[in-house]
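Asker: Provided below are the primary sequence and the corresponding predicted coordinates.
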Amino acid sequence: DAGVTQSPTHLIKTRGQHVTLRCSPISGHKSVSWYQQVLGQGPQFIFQYYEKEERGRGNFPDRFSARQFPNYSSELNVNALLLGDSALYLCASSWGQVPTYEQYFGPGTRLTVT
Amino acid sequence: QKEVEQNSGPLSVPEGAIASLNCTYSDRGSQSFFWYRQYSGKSPELIMSIYSNGDKEDGRFTAQLNKASQYVSLLIRDSQPSDSATYLCAVSKAAGNKLTFGGGTRVLVKP
């Protein structure tokens, strides 16, 4: 079975631009979470979506938004990009939002803001 | 105080030895605990999950959880050079399954 897929793999943007990152969860998984990982640190939680509804939001500015589609895929949008947004953006999928459900990560999207 | 703390390392172990990694967490409401392995330039890969006090073994890996002392550990037996990676400890609370990660421990296994 296919794992979590993300696109694009790499992206270079300029300050002030907008970016959309996409994620497809493992087949059967209904929950998608987004994380940001800056070099040398652990991933930081951005959003969780379950059954197309936002179920959790981390400490990120309103420039960050996301949504989940009827097929459970998801996209993360970031507006007015800053240099500090340069990071590895990770999507994780799980069966649901119960704490015991394991989360599996996709390969990530490496975003560079210049 | 960080919610999840790990020694950043590097933890250098000879091939064939046991690598011991520790993680402490601050929220007593934490319910689920996970260890992920992350190779340089790659995404985290789940290697162990543990939910109740005690030990859980899976192949060469053993996770240990002590909720009273608020720590979780990972033992890697018969360490191999391919185990050289950063190991991330992650914790999930009662509501939802948002993962809170530690900064990771870098492990170097020397032949």
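Answerer: Happy to help now that I have it.
Asker: and the pLDDT for the residue in chain A positioned nearest to chain B?
Answerer: Nearest residue of chain A to chain B (C-beta to the nearest C-beta) works out as A:Gly42 at 3.2 Å. C-beta here means a position set from N, CA and C on the backbone, and glycine is covered the same way. Per-residue pLDDT puts A:Gly42 at 97.
Asker: got the residues of chain A near chain B?
Answerer: Within chain A, the residues that sit near chain B (C-beta under 8 Å from any C-beta of the partner chain) are A:31, A:33, A:35, A:40-45, A:48, A:55-56, A:58, A:88, A:90, A:92, A:94, A:96-108.
Asker: coming back round to it: checking the residue of chain A closest to chain B next. Helix, strand or coil?
Answerer: coil (DSSP: H, G, I helix; E, B strand; the rest coil).
Asker: ok, it touching B:Leu99?
Answerer: No - the criterion here is C-beta atoms under 8 Å, and A:Gly42 misses it with B:Leu99 at 9.2 Å.
Asker: next, count neighbours for residue 107.
Answerer: This is for chain A. 16 (other C-beta atoms under 10 Å in any protein chain shown).
Asker: try again with chain B
Answerer: So B:Val107, with other C-beta under 10 Å, has 21 neighbours.
Asker: next, work out how far apart the residue nearest to it when sequence neighbours are not counted and B:Asp55 are.
Answerer: Counting by C-beta to C-beta, 6 or more residues apart in numbering or on different chains, B:Leu11 is the residue found nearest to B:Val107 once chain neighbours are left out, at 5.0 Å. Noted for B:Leu11: a distance of 20 Å to B:Asp55, by C-beta to C-beta, to the nearest Å.
Asker: pick out whichever of the two has more residues nearby.
Answerer: Set side by side, B:Leu11 and B:Asp55 show more neighbours around B:Leu11, with 18 against 11, by other C-beta under 10 Å.
Asker: how near is the more buried one to B:Val109?
Answerer: Note on B:Leu11: its distance to B:Val109, by C-beta to C-beta, is 9 Å.
Asker: for B:Thr62, same thing?
Answerer: Computed as C-beta to C-beta, the B:Thr62 to B:Val109 distance reads 17 Å.
Asker: and what of A:Leu88?
Answerer: 24 Å.
Asker: the helices in chain B, which residues?
Answerer: With DSSP state H as the definition, chain B shows no helices.
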